[in-house]
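> Sequence first, predicted model second:
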Amino acid sequence: MDTLSVETSEKEALISDVGDAVIFSGMQGDDDIPGIGQYDDFHTIDWQRDIARDRMRHRYIVKKRQDSIWDLIKGAHDAWSGWVCVLLVGVCTGVVAGVIDIGASWMTDLKFGICPQAFWFNREQCCWSSNETTFDDGNCSQWLTWPQVFGESREGAGAYIISYLFYIVWALVFAALSASLVRMFAPYACGSGIPEIKTILSGFIIRGYLGKWTLIIKVVGLILSVSSGLSLGKEGPMVHIASCLGNILSYLFPKYGRNEAKKREILSAAAAAGVSVAFGAPIGGVLFSLEEVSYYFPLKTLWRSFFCALIAAFILRSINPFGNEHSVLFFVEYNKPWIFFELIPFVGLGIIGGCIATIFIKANIWWCRYRKYSKLGQYPVTEVLVVTLVTAVLSYPNPYTRMNTSQLIYLLFNQCGISNSDPLCDYDRNFTDVNSAIEKAAARPGVYNAIGLLFLALLLKLVMTVFTFGIKVPCGLFIPSLALGAIAGRIVGIGVEQLAFHYSKIWLFSGECQTGVDCITPGLYAMVGAAAVLGGVTRMTVSLVVIMFELTGGVRYIVPLMAAAMASKWVGDALGRQGIYDAHIALNGYPFLDSKDEFQHTSLAADVMQPKRNETLAVITQDSMTVDDVETLLKETEHNGYPVVVSKESQYLVGFVLRRDLNLAIGNII
Amino acid sequence: MYSKYIAIFFVSACVVVISGQSYEDKRCKCVCPSPAAVFNNSATTSTDHRRHYIANVPPNKCNCKGVILPRDGAEITEEFCPRCECKYENRNTTIIKVVVIIVIWVIMLLVVYMGFLICLDPLINKRAKASYQEHTNEDDESTIAGPSQQMGARGNVLNRVTHQQDKWKRQVREQRRNIYDRHTMLN
């Protein structure tokens, strides 16, 4: 026991830098001691070591392959396990996303009424095969609003009050349930999760953050909090949910489950799948994973992410949660041309978007810091209830905030056709000549009223989202920022459209707009505005543009979207350095080394560091220490790891061993 | 843990039982402006009175000719047709039903379990704690050394479940401390 022969062989197995010297002995070492290669909570992983361990494991399998047919099969299984794992992750992510979409749309409509014949339908589904030729704003006779349930008529003051009350009560019930489930079962399920996923992918360990309970509570809590009508979205949490699935499923494959560095490859793919199902944008998901969340992204991971995102989008698409053949509610199809002059308002929208985003980030970070250091942080559930109550009371009177945010975005993105009966499309159109195209037309009072309401909605959403992002329920901010941008964009779009109508003779519009054809599309402005605000908030560029054009199915608008995203990023970077996720990482103090940061210092580490002269360096020598020595060293010092040197006299570095691994190894011998 | 399986069984049972109501899975939906707005050449009523027509026809017949003319042929003539928008849609009612029922079940189970943990668990634990006071300390130490061997020796299923539950509760308590008390995470 004293000679430490076992100990040194263990130690060598751990030392990644001498990986070649310990060709295959590491394999057995890994299997013998449980827990080797894992890390403590809130520690960072050793990428080099984990990758070296995987290399050794791989060489061991390749060598064994010649031995028997069984080993050959094992080798084959090892080779394809990465693909199988991402396949499973993709399938599960698609299914979970379908559950969330269906559950949330049903529960959202529960605030307004119920379908007595089949309670599991939302309003749209309830009126699916209604035979009435006219019905206003989607209410049919099968669908009972709450006043009708209580025997009142559908219209009138009494009905309005009952609807208002039910709206508030349901919102409070959902929010309270969500907040208390999160508090009771899985506190890690709150928030958007993207800052933490970024930190985890950069090599940090947060135990339980990607666990089973977090997954269940995040899914259920997300359905509840989305339905409560709070100003939040499900897209960010979807990335967290997909990562949880990736983590849980990676334990089926020891190659990934036991190796933290390899596991992060699966997690990167899962994050791509999360965005893929959230926006129905598989390529956008892969690029999001690459641009925004991932840290270590080899080409192999790119292909796996691509596959994973593809599978997830396919599964969600076949579930068809919204009955519109797409995996998002606000899918619109556009094919109208835009004129060159419009680039100016598009860049202007980018600047507006950057400003809105900066205001949002600054205010939200200020509020979150206040929450962190003041007494407010001690009342998480009360805070959720108060925010919900205020949101519900203020949202209901305005039809644009009363409706689901995804529906609002859909409405704003859409162009005014025959089927759109919203006041937003109250134009002075002439329907008599059946065969002509839709002409440009003067706006009637309905449009101006709608603009007023939309402006109020913009203010309300901006303020409420500042207070909402960071409360202790699952909440993301893609949807609110898309909505903010879409409102601003639509308002600008209507302005430009009316300008083109009233002054169609001036040279700007002269070429394209003189013929009377509807040449300016306000819906396109809404889209560009949405991209601008989202780009300003998250500082995404490439992935954002790809997500937006996958949402709209039109390659034609790439240039406007790019212009707006770029302008918004410049304005955002000029006004405030960080995107919202980086700002939250900084606020929480996570150990995240941003790969975007530039290296500013030229001095060497050796010049800056000053070892204390009177203290000896705590080192482990290669082969002259007893177990007793090591134990004393472990007791006397508190370092997380120790350098391994040749001997005390000639301190040449051989490697590095972690305290945890030393403890495990010693525990195993005794 | 077991309650989850029971729940899944119940849900599937429910789904089998309630499968009476017939809702169509496919439809063709057409939207037209009202004929009055078109033929009277008046722009006054362009927003209200849109007409929705829903019919169950095969996808290739989902157009004005197949849906609207048979129904409102007297009022609407063929030249009116370009003003109408028709869309073929399909859905899966079974999936919607199953998903919504599962969601309700899961929420109910979680709420019941939460109620149990809040109300009954402290009572049970208080009684248990009196007799197992010194044991808990020892247990804490043994979890670090290697809980699996010890539990395997005891081998009792109930014990193992309780042990797992204790471990989980400790983790949740730790998470709660990080988030709600110390504010070191997820602010």
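All right, it came through fine. Note that the structure is predicted; figures quoted are calculated from it, not measured. Residues are numbered from 1 along each chain as shown, chains lettered A, B, ... in the order given.
> show me where the stretch 1-150 of chain A has helices.
Remark: helices assigned in the stretch 1-150 of chain A by DSSP state H, counting those that start in this stretch are A:5-14, A:25-32, A:47-64, A:69-110, A:123-126, A:146-149.
> Name the stretch among those helices that sits most buried.
The highest mean neighbour count among those, using mean count of other C-beta atoms under 10 Å in any protein chain shown, belongs to helix A:123-126: a mean of 22. Every C-beta, even on glycine, is put in place using the N, C-alpha and C of the backbone.
> secondary structure class for residue B:29?
Under DSSP: H, G, I helix; E, B strand; the rest coil, residue B:29 falls in the strand class.
> same deal with residue A:401?
At residue A:401 the chain is in helix, as set by three-state DSSP.
> Give me the pLDDT value at it.
Per-residue confidence for residue A:401 comes out at a pLDDT of 91.
> so it touches residue A:460, yeah?
Yes: checked against C-beta atoms under 8 Å, the pair residue A:401 and residue A:460 is within contact range at 5.7 Å.
> which neighbours do the two share?
The contact sets of residue A:401 and residue A:460 overlap at A:394-395 (C-beta atoms under 8 Å, 6 or more residues apart in numbering or on different chains).
> Those two: who's more crowded?
residue A:401 (24 against 18; other C-beta atoms under 10 Å in any protein chain shown).
> Can you tell me how far the nearest residue to that one once chain neighbours are set aside is from residue A:609?
Distances taken as C-beta to C-beta, 6 or more residues apart in numbering or on different chains place residue A:395 nearest to residue A:401, at 4.0 Å, with adjacent residues excluded. Counting by C-beta to C-beta, to the nearest Å, the gap from residue A:395 to residue A:609 is 56 Å.
> Of these two, give the one with the bigger neighbour count.
Just comparing residue A:395 and residue A:609: by other C-beta under 10 Å the higher neighbour count belongs to residue A:395, 23 against 7.
> so where do the helices sit in chain B?
B:2-17, B:35-39, B:64-72, B:93-115, B:121-131, B:133-145, B:147-154, B:157-176 (DSSP state H).
> So is stretch A:104-120 next to chain B?
Yes: contact of stretch A:104-120 with chain B (C-beta under 8 Å from any C-beta of the partner chain) involves A:106-107, A:117-120.
> What is the most widely separated pair among those?
A:107 and A:117 (18.3 Å; C-beta to C-beta).
> shaky segments in chain B?
Within chain B, the ranges that satisfy pLDDT under 70 run B:1-23, B:34-50, B:72-79, B:127-155.
> What strand or helix carries residue A:262?
In the assignment (DSSP states H and E), residue A:262 maps to helix A:260-279.
> Check which helices and strands the helix or strand following that helix sits against.
As assigned by DSSP H and E, the chain's next helix or strand after helix A:260-279 is helix A:282-288. In terms of contacts (3 or more C-beta pairs under 8 Å, 6 or more residues apart in numbering or on different chains; DSSP states H and E), helix A:282-288 is packed against helix A:260-279, helix A:299-319, helix A:542-552.
> Touching stretch A:294-310 from outside, list them.
A:47, A:82-83, A:86-87, A:89-90, A:93, A:198, A:201-203, A:261, A:264-266, A:268-273, A:275-276, A:282-283, A:285-286, A:289-290, A:595.
> Please pick the buried ones from those.
A:47, A:82, A:86-87, A:89-90, A:93, A:198, A:201-203, A:261, A:264-266, A:268-273, A:275-276, A:282-283, A:285-286, A:289-290 (16 or more other C-beta atoms under 10 Å in any protein chain shown).
> Geometrically speaking, which residue is the centre of chain A?
Nearest to the mean C-alpha position of chain A, by C-alpha atoms, centre = their mean, lies residue A:236 at 2.5 Å.
> wait, it sits on residue A:482?
No: using C-beta under 8 Å, residue A:236 is not in contact with residue A:482, being 11.9 Å away.
> how far away is residue B:57 from residue B:70?
For residue B:57, the distance to residue B:70 - C-beta to C-beta - is 10 Å.
> Actually, residue A:462.
Distance from residue A:462 to residue B:70, by C-beta to C-beta: 50 Å.
> One more: residue A:39?
Residue A:39 is 70 Å from residue B:70, by C-beta to C-beta.
> repeat for residue B:122
Taken as C-beta to C-beta, the span from residue B:122 to residue B:70 is 69 Å.
> same check, this time on residue A:290
Relative to residue B:70, residue A:290 is positioned 53 Å away (C-beta to C-beta).
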